[in-house]
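[1] Make a model of this:
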Amino acid sequence: MKNQKVCIVGNGTSILNQNKGKSIDKFDIVVRFNRSPIEGYEKYVGTKTTHRFVNRIVSKNGREDSNEDINFIPSLKNQIIILDGENNINNVSFYKNVFHQSCKYKFINRNKEVKKLLSQNLPHIKFNGKNPTGGLAMISHFINEQYNVTICGFDLEDNLNKKIIPHFYEKKRVKTSHDYKYEIKIINELINKKIIKKL
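    Residues are numbered from 1 along each chain as shown. Have a look, this model is predicted:
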């Protein structure tokens, strides 16, 4: 299991610049986020999903924007739903009423995952105390579990000076309080050290 290849698929608009769908589908594990869709985007994002990280709002099938499709979350099947145990209800029975019965659940702690990543791989970078993005949390988690990690759809520098982050699949723009400059530094160092790869 530890040698399995993981592709973590971000929601950045850059994913629409190249047809990477077939390459993404070759990975053992494919991780997506919140309500990121497949239908209509297959040639860009692939068709496979094994794991999905959802934030505290989406995990309850709540809307972050009035235009979001509340039928999407109940339609998900046969996925491992990853939840931040610190910011979500730590009770599997609650989610069984939200997600399809075929889904399974895994709880992580974003802060602990990033702290562990830094201490073991980038000890010169100290944890900044701010809530990490789901993206950095997933990168950290799968590195910490010793998987072979590849990322795509992370816009990195494109988001550096934005307070509102666009998603590839919707016109709405998501407000962010995350420290992108800090996270970009971490991700770029992981790439430069060949700890992770960009697809």
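
[2] which residue ranges form the helices in this structure?
    With DSSP state H, the ranges of helices along the chain come out as 21-25, 42-45, 72-75, 92-95, 110-121, 134-144, 180-192.

[3] Need the ones you listed in JSON lines (columns: distance to residue 165, mean neighbour count and mean pLDDT).
    Just so you know, the C-beta spots here come from the backbone N, C-alpha and C atoms, and that holds for glycine as well. Below are the helices of the chain laid out as JSON lines (distance: least, Cβ to Cβ, whole Å; neighbours: other Cβ atoms under 10 Å; pLDDT from 0 to 100):
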{"stretch": "helix 21-25", "distance to residue 165": "21", "mean neighbour count": "16", "mean pLDDT": "98"}
{"stretch": "helix 42-45", "distance to residue 165": "17", "mean neighbour count": "20", "mean pLDDT": "98"}
{"stretch": "helix 72-75", "distance to residue 165": "19", "mean neighbour count": "15", "mean pLDDT": "96"}
{"stretch": "helix 92-95", "distance to residue 165": "26", "mean neighbour count": "13", "mean pLDDT": "92"}
{"stretch": "helix 110-121", "distance to residue 165": "17", "mean neighbour count": "18", "mean pLDDT": "97"}
{"stretch": "helix 134-144", "distance to residue 165": "11", "mean neighbour count": "24", "mean pLDDT": "97"}
{"stretch": "helix 180-192", "distance to residue 165": "8", "mean neighbour count": "16", "mean pLDDT": "94"}
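
[4] residue contacts, the residue nearest to residue 108 when sequence neighbours are not counted?
    Using Cβ to Cβ, 6 or more residues apart in numbering and skipping residues adjacent in sequence, the residue nearest residue 108 is residue 141, 5.5 Å away. Residues in contact with residue 141 (Cβ atoms under 8 Å, 6 or more residues apart in numbering) are 82, 108, 113.
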